[in-house]
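Trainee: Fold the following and give me the result.
(one chain, ligands or ions: 1)
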Amino acid sequence: MAAVAAAGALVVVLTGPARAETSGSGTFQKVSEPTGYFEEASGVVHLTFDDGPDEVFTPVLLDLLDHYGIKATFFPLGRNLKSRWEQDDVQELLSRGHAIGNHSWHHRRLTEEHPFSVAADLEEASLLLQDLAGFRPSCWRAPYGERNEMVLAVAGSLGMEHVGWTADPQEWQNPWVPVVLAYLTEKRHDGSTILLHDRKWLSLHIVDAVVSAFRDDGWGFEVVDACRTGNEREARMATRTEGDVPVGRVEGLTKDGEDLLLTGWAYDADAPEGGLEVVGNTDGLSPRIVGVTGIGHDFAVVLPSPTDTVPICVWVANAGRSRHDTSLGCHHLP
Ligand SMILES: [Zn+2]
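Mentor: Numbering: from 1, shown residues only. You can find the predicted model right below:
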C-alpha cells in the first residue's frame, strides 16, 4: 500500500485485481414535454418517496437502495417527521447520499387553502427540516401534486422549487409488479421522475424490480438536482456537537484509468482537525481502512477497480469512540 498526499487529503492506493470495464446500453428515448428540471442527465432517472418517514419501511428502503448503490429523493410529511424521526435519522439519510424536500406539514390540498394557510403549512415543515437537516429545503412537492400559481408563488417565496413526477405507479391500487415495470419502462426517459411511497411492502418490491431491470438496461438513479442545496455541507456540520455521530457524504466515485477515485467529506465535532477513518467495502466482503479525512474534512481515495460489480460501501469511524459509525452509503461503480 502506497500513500501519497494530494490536495490536502490523504490519498491511499490499494493494490488489487483490475476489472474489465462494463458499460450499459440503454435505449435513451427523448420526450418533448418539459419536466421543469435544470438538467436531464443522459441515462438518469429519479426515484422519489413521499409521505414518510415510516418506522418500518424507510430503514428497509434505505438498505435496499444501498444494495443497488443508488440515490433517491425523499419528500417526508412534516407531521410524520416530527413524530417519528430524530435529527440523527435525517442526517443518516443525507450521509447515505440521498436528498430531502418539503411535502408540507398536513398534506392538505393547498389549492383550496388561503395563501396565508399555505405559507404557514409549508413554512412549518421547512422549519422542522432546517432543525433536523441543518438547512432549509430548496425543493418541495405539493400534496397530491396539486398546485396553481398562488401555491407555486408562496412556495417560491419560501425558497423552494416544485418537483413533480412523470410516472405514478399508484401503489394504492395494489398493481402487479410486472405491470408496474412495463408501465415505468414505457414512461422512461432522461430525467423521468417516479413517484413512490415508503409505507408499503409493495413499494419495496417495485423498487427491487425497477432498479434491477433499469440497471440491466444501463440506466442510473440519482437525486433530483433541485433538492441539493449549495450550503448542505456547512449547514449539516453546524448541527453537530461533541458526542454526536459524524456526518458526511460521498461526492464522487469516478473512474481514473484502471482505478476508482472516491471523494467526499466527513465531520465529527469531536475531531475538529479531521483524522476520521474512511472505511471501504471494495469487494463486498472485506471492509478496510482506505483513507482518513484531512484537516478540511475532505477525503480523496484511490481504489482499484474491483472484480465484482457490487456497489462500494463506505463509512467513517472515529477510532476509540463508543458511538456507532456513520454510513456514507453504497455507491454503484461508474
Ligand atoms: Zn403525499
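Trainee: so what's A99 up against?
Mentor: Counting by C-beta atoms under 8 Å, 6 or more residues apart in numbering, A99 touches 71-74, 139, 223-224, 227-228. Using the backbone N, CA and C atoms, a C-beta is placed for each residue, glycine as well.
Trainee: so what's the backbone phi/psi at it?
Mentor: When quoted as degrees, to the nearest 10, the phi and psi of A99 stand at phi -120, psi 160.
Trainee: quick one on the thing from earlier: sitting in helices, which of the contacts of A99 do you find?
Mentor: Using DSSP state H, no member of the contacts of A99 sits in helices.
Trainee: can you put those residues in JSON lines and add neighbour count and distance to Q87?
Mentor: Shown next, in JSON lines, are those (neighbours: other C-beta atoms under 10 Å; distance: C-beta to C-beta, whole Å):
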{"residue": "K71", "neighbour count": "22", "distance to Q87": "21"}
{"residue": "A72", "neighbour count": "26", "distance to Q87": "20"}
{"residue": "T73", "neighbour count": "25", "distance to Q87": "19"}
{"residue": "F74", "neighbour count": "26", "distance to Q87": "15"}
{"residue": "C139", "neighbour count": "23", "distance to Q87": "20"}
{"residue": "V223", "neighbour count": "22", "distance to Q87": "20"}
{"residue": "V224", "neighbour count": "23", "distance to Q87": "23"}
{"residue": "C227", "neighbour count": "25", "distance to Q87": "19"}
{"residue": "R228", "neighbour count": "13", "distance to Q87": "20"}
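Trainee: Strands of the stretch 201-334 of the chain, residue ranges please.
Mentor: Assigned by DSSP state E, counting those that start in this stretch, the strands in the stretch 201-334 of the chain fall at 220-221, 247-256, 259-267, 277-281, 288-292, 298-304, 312-317, 326-331.
Trainee: The ones you listed: which one's closest to the ion?
Mentor: Across the strands of the stretch 201-334 of the chain, the ion has its closest neighbour in strand 220-221 (20.4 Å, C-beta to the ion).
Trainee: For that closest one, which outside residues touch it?
Mentor: Contact with strand 220-221 is made by 41, 43-47, 68, 70-72, 211, 214, 332, as judged by C-beta under 8 Å, 6+ apart.
Trainee: how far away is the residue in the stretch 51-200 of the chain positioned nearest to the ion from L62?
Mentor: Per C-beta to the ion, the residue of the stretch 51-200 of the chain with the smallest distance to the ion is D51, at 4.4 Å. Shown here: D51 relative to L62, a distance of 16 Å by C-beta to C-beta, to the nearest Å.
Trainee: who's more crowded, the two?
Mentor: When D51 and L62 are compared on other C-beta atoms under 10 Å, the one with more neighbours turns out to be L62, at 21 against 18.
Trainee: residue contacts, that one?
Mentor: 92-93, 96, 98.
Trainee: Narrow these to just the buried residues.
Mentor: For the contacts of L62, a burial check counting by 16 or more other C-beta atoms under 10 Å picks out 92-93, 96, 98.
Trainee: Could you dump the contacts of strand 220-221 into a markdown table with distance to the ion added?
Mentor: Below are the contacts of strand 220-221 laid out as a markdown table (distance: C-beta to the ion, whole Å):
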| residue | distance to the ion |
| --- | --- |
| A41 | 26 |
| G43 | 28 |
| V44 | 23 |
| V45 | 20 |
| H46 | 16 |
| L47 | 15 |
| Y68 | 24 |
| I70 | 22 |
| K71 | 20 |
| A72 | 15 |
| V211 | 22 |
| F214 | 23 |
| H332 | 28 |
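Trainee: which two in those are spaced the farthest apart?
Mentor: For these, the farthest-apart pair by C-beta to C-beta is A41 and Y68; their separation is 17.6 Å.
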